[in-house]
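coords please:
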Amino acid sequence: MDLKSNHTPVLTDSAAPINITKSRLGVHSSLLPYSPTGTTIPHGMLLTIPRKKAGFLEDVRSSGWLDAMKSSSPPPRKITKDVSHGFASSEADSSYFSWLLKYPSALTSFEQITNYAKGKRIALFLDYDGTLSPIVDNPDCAFMSDNMRAAVKRVAEYFPTAIISGRNRDMVYEFVGLTELYYAGSHGMDIMCPVKSTNKQKQDKEVNLFQPAAEFLPMIDEVFRSLVETTKDIKGAKVENNKFCASVHYRNVDEKNWDLVGQCVHDVLKGYPRLRLTHGRKVLEVRPVINWDKGKAVTFILESLGLANCDDVLPIYIGDDRTDEDAFKVLREGNKGYGILVSSAPKQSNANYSLRDPSEVMEFLKSLVLWRSNLAL
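Numbering: from 1, shown residues only. Next comes the predicted model:
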């Protein structure tokens, strides 16, 4: 496949790709079981590959990859003993409580949120790592608890629910194991609709997919293999193939070697102008240069549900990472919905509210279910 030319994005199912052209912008109804007739992809979501060479080199030079790696990986908070009150407190507590004035807890603000939600249809969007599961040293072991799974399953009974992750969609689906959800992997570049069939054989088939970056698969595979080879001697480095993006984790790498990790990624990518670098929590992510992110994925799923641009719809997105900011921004613009940032430390965000950690996320989900079930009484 010639990846140097400008190709149109591809909408696919398990059988055959469907090209989206200027004369055919309608979303194929068989791929979107919840779509009303005539659902279309707005012009702002159309994906175009820049004709000029993309700026990976400019990207890392504009901020400096080492500075970006450090800023996305804050050091652990120093804990001191508060003798007068008899409990452990943090030196950062005062700044955190000040931060809460701008990003109040979604739990303490729950009544305010639900008052606004009365008479509206809620659509729920969730990140995975750091939101439904704790951040762990080994990304292959980021398992969600049974209690969290039960909470997500329960909330999906009342509201359309999607998980949007930077991970490979199949891996997130395996971690979560609930068929009633939307799954959007690779930062929304690989979307699967809920599986309605109870037939196990049918569930195993890849159906109802939207893959705007399908043409990049051979390139991502090639880069993944190169990254594995170039980082193999860096202790603690781990490269993950997330299908439409490649992730280089440096959580377990000595900080003195972080610049070496960044240099390895740069050396590999300098020959791929149609790929770009983004930063997450102690991870460097290589992605296609296309007009698509988690915010676009939220918009697409709302379109497919027939819930976009409706005054009686309240989208809520809960996430903890930089890549979730694209979704927060979409919801904040035009006051369309609420973004909830999961963080125990102050950080600038496009979110409206905050939660400290996955345990508070679970409490928030349970509260939503209780509120909604009481409305039905």
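
quick one: secondary structure of H266?
Three-state assignment for H266 (DSSP: H, G, I helix; E, B strand; the rest coil): helix.

The residue nearest to C264 when sequence neighbours are not counted: what secondary structure?
Excluding its sequence neighbours, the residue lying closest to C264 (Cβ to Cβ, 6 or more residues apart in numbering) is T230, at 4.4 Å. All C-beta spots, glycine's among them, are computed from the backbone N, C-alpha and C. Three-state assignment for T230 (three-state DSSP): helix.

surely T230 meets H266?
No. Counting by Cβ atoms under 8 Å, T230 sits too far from H266 to count as a contact (10.2 Å).

of those two, who's got more company?
T230 (19 against 16; other Cβ atoms under 10 Å).

Now do the contacts for that one.
Contacts for T230 (Cβ atoms under 8 Å, 6 or more residues apart in numbering) come out as C264, D267, V268.

With V176 instead?
So V176 contacts Y128, L132, M144, R149, V152, I163, Y183 (Cβ under 8 Å, 6+ apart).

any idea how far F364 is from I113?
Plainly put, I113 is 9 Å away from F364 if you go by Cβ to Cβ, to the nearest Å.

Overlap in contacts, these two.
A106.

returning to that earlier point: which pLDDT value goes with the residue nearest to C264?
We have a pLDDT of 95 for T230.

what's the answer for H279, then?
So, for H279, pLDDT stands at 86.

The residue nearest to R167 when sequence neighbours are not counted - how many residues pack around it?
Spatially, and ignoring its direct neighbours in sequence, R167 is nearest to N242 (5.4 Å; Cβ to Cβ, 6+ apart). The number of residues packed around N242, counting by other Cβ under 10 Å, is 26.

thought N242 was touching S186?
Yes. N242 is in contact with S186 according to Cβ under 8 Å; the separation is 5.2 Å.

any shared contact partners between the two?
G166, R167, N168.

Which member of the residues you listed is positioned nearest N335?
G166 (26.9 Å; Cβ to Cβ).

what's near enough to touch the closest one?
Contacts of G166 (Cβ under 8 Å, 6+ apart): D129, G185, S186, H187, N242, C245, S247, G280, V283, E285, D321, T323.

Restricted to helices, list those residues.
Of those, none are assigned to helices by DSSP state H.

What is the nearest of these to E222?
C245 (13.3 Å).

wait, doesn't L124 sit right on P160?
Yes. Counting by Cβ under 8 Å, P160 is a contact partner of L124 at 7.1 Å.

which of the residues in stretch 175-183 are buried?
Within stretch 175-183, the residues that qualify as buried are F175, V176, L178, T179, L181, Y182, Y183, counting by 16 or more other Cβ atoms under 10 Å.

ok, the fourth one to T278 distance?
In this structure, T179 and T278 are separated by 30 Å, where distance is defined by Cβ to Cβ.

Then the fifth one?
L181 is 25 Å from T278, where distance means Cβ to Cβ.

Over to the second one?
In this structure, V176 and T278 are separated by 23 Å, where distance is defined by Cβ to Cβ.

And for the last one?
Computed as Cβ to Cβ, the Y183 to T278 distance reads 20 Å.

again with D140
21 Å.

Of these two, which one has the most company?
Taking neighbours as other Cβ under 10 Å, D140 and T278 compare with T278 leading, 19 against 10.

Using the three-state scheme, assign the more buried one.
Per three-state DSSP, T278 ends up strand.

Tell me, how many residues neighbour the closest residue to it other than its chain neighbours?
Excluding its sequence neighbours, the residue lying closest to T278 (Cβ to Cβ, 6+ apart) is E285, at 4.9 Å. Using other Cβ under 10 Å, E285 has 22 other residues around it.

pretty sure E285 contacts S247?
Yes. Counting by Cβ under 8 Å, S247 is a contact partner of E285 at 5.0 Å.

still on that earlier bit, got TSV for the shared contacts of N242 and S186, with secondary structure too?
Formatted as TSV, those follow (three-state DSSP):
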residue	secondary structure
G166	coil
R167	coil
N168	coil
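
Which residues does stretch 148-161 contact?
34, 121-126, 132-133, 144, 176-178, 180-182, 305, 307, 358, 361-362, 365-366, 368-369, 372-373.

Just the ones in helices from the residues you listed, please.
Of these, the ones assigned to helices by DSSP H are V176, L305, P358, V361, M362, L365, K366, L368, V369, R372, S373.

The residues you listed: which two are farthest apart?
Checking these with Cβ to Cβ, the most distant pair is L305 and P358, at 25.7 Å.

returning to that earlier point: quick check on the contacts of stretch 148-161: which are buried?
Buried residues within the contacts of stretch 148-161, defined by neighbour count using 16+ other Cβ under 10 Å: 34, 122-126, 132-133, 144, 176, 178, 181-182, 305, 307, 358, 361-362, 365, 368-369, 372.

Contact partners for the residue nearest in space to the middle of the chain?
Ranked by distance to the mean C-alpha position of the chain (Cα atoms, centre = their mean), the top residue is S165 at 3.5 Å. By Cβ under 8 Å, 6+ apart, S165 lies in contact with D127, Y128, D129, V172, A184, G185, H187.

OK, contacts around the third one?
Shown in contact with D129 (Cβ under 8 Å, 6+ apart): I135, P139, A142, S165, G166, R167, R281, D320, D321.
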